[in-house]
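Enquirer: Sharing a model prediction with you, sequence too.
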Number of protein chains: 2
Amino acid sequence: MATIRIPHPVPSPVEDAQALMKACKGWGTDEKGVIEVIAYRDATQRKLIREAYEELFNENLIKRLESELSGDFEKAVYRWMFDPAEREAIIANVAIKDNDYRVIIETACINSAKELLVVKQTYHAINKHSLEEDVASHITGDFRKLLVALVSTYRYDGDEVNIKLAQSEAKVLHDAIKEKIYNHEEIIRILSTRSKAQLNATFNQYKDEYGASITKDLSGEGSNEFASALRVVVRCIISPKKYFEKLLRSATSNRGNEDALTRVIVTRAEKDLSEIKELYEKRTNMSLDQAISKETSGDYKKFLLALLGN
Amino acid sequence: MATIRIPHPVPSPVEDAQALMKACKGWGTDEKGVIEVIAYRDATQRKLIREAYEELFNENLIKRLESELSGDFEKAVYRWMFDPAEREAIIANVAIKDNDYRVIIETACINSAKELLVVKQTYHAINKHSLEEDVASHITGDFRKLLVALVSTYRYDGDEVNIKLAQSEAKVLHDAIKEKIYNHEEIIRILSTRSKAQLNATFNQYKDEYGASITKDLSGEGSNEFASALRVVVRCIISPKKYFEKLLRSATSNRGNEDALTRVIVTRAEKDLSEIKELYEKRTNMSLDQAISKETSGDYKKFLLALLGN
């Protein structure tokens, strides 16, 4: 479930566009006025506001907000204002340039085949390149093999599971991991081509047959950065919600990570952030709202809390 | 342009279904009666006939035709009766089982990104597996690397070309081919991820810079089966029509190859077989109709000639 709250009745896109123009006009920006509009509208409503703003003021709303705001708040608003597929295409493009394998894996493995396709089509429209093409030409070595395979694949999304295949492929995975050949062709083949239902069956067989979960074995002694990437793949396929909960935990810890915090809140606020929040509270005995209040400040904090339903 | 000819006015799907039932009923089959209906209807009309037949006689028309007909004629009718995307999904599935890399490359490289996507979605619906998954688990070694990459990719299909990139990647291709490292990662990356417009620019740069075409260099001394596969990729990307023309020439030569002959006629009859025919006649000084009359016989011959517009 989503966490954002939308007022009833909701103002018209034209009224919202006018309110945003008012908040941006003159000396200084009324950040609170910006948050009061955009944090309480869903993707479709925000799109209509962007269109109304463009028509009324002959100006791109996102660019205007970018120039008015700054820091983590600006980044969060910038991400939030795009359509979900545009946002993911932009996040993926930045991740490719930053060599941030984790985010590329999220895009490839958390989206369904159809969602990933829409992200890829949007990526084409924005960048005049394909996602796989840019991953392939910016990333090198084993990471390239893994990431290109993951972003390219169009997985079957049915529920059918072949248990014999799950058993035999659990063994293939286990044998390679035991030998610490994390970059084994067969690991990449299985993780990048099988359906998510089939992979979940394979991971269950792995645990049943060999005693430890595949994620645990991947973080065992002798594990390396590539094994960590494989763990991200497995965790994104097993449970995106748990994956995001853990990412939030690390992002709100002392080390902090505003990029990840913004990414999770902004991309999940209209989807399943409510369940992610519950998982977080169970694990930490602290609500996500409290943690964010403690770790962030200013308009950035106000904006995230608004997206969390405050 | 298509070669098939559709009568005006065209009978209704119900009339066609009844005519087909009449041709199949009783002792023996009236093959001529079958050809007279199905060879002169387009994909949409054939679909409506299948639906009308199912409704009228509570029987699957394609299965009935399969049981009534035999040999190359049966195979050709079977291929023809499906929707284009179903047909390609079926052809690809057979090719995977037969390890027929040429057909898999055709599917991956001749279709546009959007067409390939529809074939993949149809493949899911029929096989409860993804195309990339089946290629990856049935094919091995370097061929797997190439074919999985080709069937997975969702290429950008815009016309934009980066000439500097074309120059640098022409050099990458040339260096690897000169060293006879045909399975070089960079060759597979470039051929499987770049847009067709970009690849055509790269192949032109290759010829301009190094004197010979990439296809010529790929068939030079020391060339192997994998280099032949790369040539198929390049030729399918440069010109599907010329590729099919050459395939028809080889299929109608003394060696013969009914599978390829059927595949080209059936898959292109509603698309560009007219231009392919012209190219064939220019190269051989013999019309494709004459060549097929000479090399085939019986109902198979009658059916192919009907699809060619006779």
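Expert: Okay, I see it. Remember, predicted model here, so these are calculated numbers, not experimental data.
Enquirer: So chain A: which segments form each domain?
Expert: A:13-69, A:84-152, A:163-238, A:240-307 (automatic domain parsing).
Enquirer: got the residues of chain A near chain B?
Expert: Taking Cβ under 8 Å from any Cβ of the partner chain, the part of chain A that reaches chain B is made up of A:117, A:120, A:124, A:128-133, A:136-137, A:144, A:148-149, A:152-158, A:160, A:189, A:192-195. All C-beta atoms are positioned from the backbone trio N, CA, C, and that covers glycine.
Enquirer: repeat that for 7 Å
Expert: With Cβ under 7 Å from any Cβ of the partner chain as the criterion, chain A meets chain B at residues A:120, A:124, A:128-130, A:132-133, A:136, A:152-156, A:158, A:160, A:189, A:193-194.
Enquirer: Now do A:Lys294: how many residues are near it, please.
Expert: The number of residues packed around A:Lys294, counting by other Cβ atoms under 10 Å in any protein chain shown, is 11.
Enquirer: swap in A:Lys301?
Expert: 16.
Enquirer: Just the CA trace of the strand or helix carrying it, in CSV.
Expert: If you go by DSSP states H and E, A:Lys301 is part of helix A:298-307. Extracted C-alpha coordinates of helix A:298-307, given in CSV (Å, rounded to 0.1, in the frame of the first residue of the first chain):
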residue,chain,number,x,y,z
GLY,A,298,14.9,21.0,7.1
ASP,A,299,12.7,20.9,4.0
TYR,A,300,14.2,17.5,3.0
LYS,A,301,12.9,16.0,6.3
LYS,A,302,9.5,17.7,5.9
PHE,A,303,9.2,16.4,2.3
LEU,A,304,10.1,12.8,3.2
LEU,A,305,7.7,12.8,6.2
ALA,A,306,4.9,14.2,4.0
LEU,A,307,5.5,11.3,1.5
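Enquirer: which regions of the stretch 151-300 of chain A sit below the pLDDT cut-off?
Expert: In the predicted model, the stretch 151-300 of chain A carries no residue with pLDDT under 70.
Enquirer: again, 90 this time
Expert: The stretch 151-300 of chain A contains residues with pLDDT under 90 at A:220-222, A:253-257.
Enquirer: For chain B, what's the nearest residue on it?
Expert: When you check the stretch 151-300 of chain A against chain B by Cβ to the nearest Cβ, the closest residue turns out to be A:Ser152, at 3.6 Å.
Enquirer: residues in contact with the helix holding A:Lys301?
Expert: A:3-4, A:31, A:35, A:39-40, A:71-73, A:76-77, A:265-266, A:269, A:289, A:292-293, A:296 (Cβ atoms under 7 Å, 6 or more residues apart in numbering or on different chains).
Enquirer: Buried ones in it, by neighbour count?
Expert: Applying a neighbour-count criterion of 16 or more other Cβ atoms under 10 Å in any protein chain shown, one finds A:299-307 buried in helix A:298-307.
Enquirer: What's the separation between A:Trp27 and chain B?
Expert: 43 Å (Cβ to the nearest Cβ, to the nearest Å).
Enquirer: what about that residue, neighbour count?
Expert: Residues near A:Trp27, counting by other Cβ under 10 Å: 4.
Enquirer: confidence score at it?
Expert: Looking at A:Trp27, its pLDDT stands at 81.
Enquirer: How is it assigned, secondary-structure-wise?
Expert: coil (DSSP: H, G, I helix; E, B strand; the rest coil).
Enquirer: wait, what's in contact with it?
Expert: Listed by Cβ under 7 Å, 6+ apart, the contact set of A:Trp27 is empty.
Enquirer: first vs last residue of stretch A:104-120, how far apart are they?
Expert: 12 Å (Cα to Cα, to the nearest Å).
Enquirer: ignore the last one, stretch A:53-71
Expert: End-to-end for stretch A:53-71, by Cα to Cα: 24 Å.
Enquirer: Quick check: end-to-end length of stretch A:250-267?
Expert: 17 Å.
Enquirer: Now it: buried residues?
Expert: Across stretch A:250-267, burial judged by 16+ other Cβ under 10 Å covers A:251-252, A:257-267.
Enquirer: Of those residues, which is the nearest to B:Thr107?
Expert: Checking the buried residues of stretch A:250-267 against B:Thr107 with Cβ to Cβ, the nearest one is A:Thr267 at 34.4 Å.
Enquirer: ranges for the helices of the stretch 1-150 of chain A?
Expert: For the stretch 1-150 of chain A, helices defined by DSSP state H, counting those that start in this stretch occupy the ranges A:13-24, A:31-38, A:43-57, A:61-68, A:71-81, A:84-97, A:101-110, A:113-127, A:131-138, A:141-152.
Enquirer: a markdown table for those helices, including mean neighbour count?
Expert: Output for the helices of the stretch 1-150 of chain A, formatted as a markdown table (neighbours: other Cβ atoms under 10 Å in any protein chain shown):
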| stretch | mean neighbour count |
| --- | --- |
| helix A:13-24 | 19 |
| helix A:31-38 | 18 |
| helix A:43-57 | 17 |
| helix A:61-68 | 16 |
| helix A:71-81 | 20 |
| helix A:84-97 | 20 |
| helix A:101-110 | 23 |
| helix A:113-127 | 19 |
| helix A:131-138 | 24 |
| helix A:141-152 | 22 |
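Enquirer: For A:Ala229, which of the ones you listed is the nearest?
Expert: helix A:101-110 (5.1 Å).
Enquirer: For that closest one, name the packing helices and strands.
Expert: For helix A:101-110, the elements it packs on are helix A:84-97, helix A:141-152, helix A:225-238, judged by 3 or more Cβ pairs under 7 Å, 6 or more residues apart in numbering or on different chains; DSSP states H and E.
Enquirer: got any ranges where the stretch 1-150 of chain A has weak pLDDT?
Expert: Using pLDDT under 90, the stretch 1-150 of chain A drops low at A:25-28.
Enquirer: Helix, strand, or coil at the residue nearest to A:Asp272 when sequence neighbours are not counted?
Expert: Of all residues not flanking A:Asp272 in the chain, A:Lys241 sits nearest, at 5.9 Å (Cβ to Cβ, 6 or more residues apart in numbering or on different chains). Assigned by three-state DSSP, the conformation of A:Lys241 is helix.
Enquirer: Against A:Arg263, how distant is A:Lys241?
Expert: Noted for A:Lys241: a distance of 15 Å to A:Arg263, by Cβ to Cβ, to the nearest Å.
Enquirer: count of neighbours near A:Tyr154?
Expert: By other Cβ under 10 Å, 25 other residues sit near A:Tyr154.
Enquirer: these two touch, right, it and B:Glu133?
Expert: No. Counting by Cβ atoms under 7 Å, A:Tyr154 sits too far from B:Glu133 to count as a contact (9.6 Å).
Enquirer: now the helices for the stretch 201-310 of chain A?
Expert: A:214-218, A:225-238, A:240-251, A:258-268, A:273-284, A:288-295, A:298-307.
Enquirer: The third one packs against which elements?
Expert: When you say that, I think you mean helix A:240-251. helix A:258-268, helix A:273-284.
Enquirer: For B:Asp208, which of those is the nearest?
Expert: helix A:258-268 (44.6 Å).
Enquirer: How far does the closest one sit from its chain's centre?
Expert: Remark: helix A:258-268 is offset 7 Å from the chain centroid, using Cα atoms, centre = their mean, to the nearest Å.
Enquirer: Next: stretch A:135-148.
Expert: Computed by Cα atoms, centre = their mean, the chain-centroid distance of stretch A:135-148 equals 20 Å.
Enquirer: List the contacts of the residue nearest to A:Asp272.
Expert: Contact analysis of A:Lys241 by Cβ under 7 Å, 6+ apart lists A:272, A:275-276, A:279.
Enquirer: Next one: it relative to A:Tyr280, how far apart?
Expert: Distance, A:Lys241 to A:Tyr280, by Cβ to Cβ: 10 Å.
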